[in-house]
Structure formats: structure tokens, C-alpha cells
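Undergrad: kindly generate the corresponding structure for this input.
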Amino acid sequence: MAREFLRLGSRDRRILCVAYGAVLTAKVAARVLPFRFLWRALEGGAAKAGRVDPNSVERTQRIAWAISAAGAKAGASCVPQALAACFLLRTARLPYVARVGVMPGDGGAPRAHIWVESLGKVVAGGNVDLPAYAPLLRTRENPPAAG
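TA: Predicted coordinates:
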């Protein structure tokens with residue numbers, strides 16, 4: 001793993017380190033804070049997106065890659081990955097929406113999942129059959145700045 005990390009370019013190493021720190025911090029927060037506080041954190045920057053430019057899609061894809069890699073290494077569930085993705089997207093001034101869905105689980109108990117979308121792509125939490133989840137909550141849209 002260390003060799004793979006060292007083979008990455010400096011930009012990829014940097015975003016991966018930031019993503020890993022964000023995922024670990026979010027993992028702790030998800031264990032100690034009530035969901036309503038976590039949801040407020042997801043919505044906190046929802047109205048602060050900047051302009052979408054030609055590099056926005058690439059930046060969104062890099063964030064998605066970093067969150068997926070960091071989440072896998074940290075053994076993080078969908079909640080910490082979503083929190084970390086929103087943090088990175090907000091920091092990059094990219095638009096996003098976080099969604100929570102539910103579906104029947106084993107034994108009839110509901111099963112919830114959270115995912116984050118940006119620029120029409122799933123950035124975090126897309127490793128499941130998303131259409132199987134009935135929508136329950138979503139953050140308000142944060143359209144990019146005009147012009």
C-alpha cells in the first residue's frame with residue numbers, strides 16, 4: 001500500500017490524505033453525535049457553491065476516488081463517507097446534495113443508506129443499489145454561482 005501511495009502524484013496524495021483525515025474525523029463524529037447534528041453539518045455549506053467550470057467534473061471525480069479509497073482503508077460506513085464528501089465538496093466550492101433512503105432489510109427492519117451527489121454523479125455511497133432505496137431526506141440543493 002505504501003508503494004502505491006508513493007506512486008501517486010502529489011495532488012492525488014494530498015487529496016487522499018485530506019480525505020482520509022476527513023473520513024476518520026467523520027467516523028468519530030458519527031459515533032458520538034446525534035444524527036440531527038450530523039445532518040446539520042451536511043446542510044451547513046449547501047448554499048455556498050462556487051462557479052462550475054470545466055475542471056469541476058474532474059475535481060468531483062478526484063474527490064469521489066479519494067473518499068472511496070479512504071473510506072475503504074478506514075472501514076467507514078456510508079455516514080462518515082458522506083460527511084467527508086460534503087466537507088471536501090464544500091471546501092472545493094462544488095455543488096452537492098446528500099440523500100437518505102430506506103428499504104426493507106432482513107426480517108422487515110428498515111435499512112437506511114446515505115449518499116452524496118455532485119454534478120449528476122454519485123460521489124459517496126454509490127456502492128449499493130440506490131434505486132432500491134425509497135427517498136426519505138435530502139439536503140437542499142446548492143446550485144453553483146451564476147456566470
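Undergrad: could you look up the SS state of the residue nearest the centre of the chain?
TA: Nearest to the geometric centre of the chain sits residue 85, at 2.7 Å (Cα atoms, centre = their mean). Secondary structure for residue 85, judged by DSSP: H, G, I helix; E, B strand; the rest coil, is helix.
Undergrad: contacts only, for the closest residue to it other than its chain neighbours.
TA: Nearest residue to residue 85, sequence neighbours excluded (Cβ to Cβ, 6 or more residues apart in numbering): residue 124, at 3.7 Å. In this view, the C-beta of every residue, glycine as well, is placed from N, C-alpha and C. For residue 124, the contact set (Cβ atoms under 8 Å, 6 or more residues apart in numbering) comprises 64, 67, 68, 71, 78, 81, 82, 84, 85, 115, 116.
Undergrad: which residue packs closest to residue 111, ignoring adjacent ones?
TA: Per Cβ to Cβ, 6+ apart, closest to residue 111 is residue 105, 3.4 Å.
Undergrad: what sits against the residue nearest to the centre of the chain?
TA: Counted by Cβ under 8 Å, 6+ apart, residue 85 has contacts 63, 64, 67, 96, 116, 123, 124, 125.
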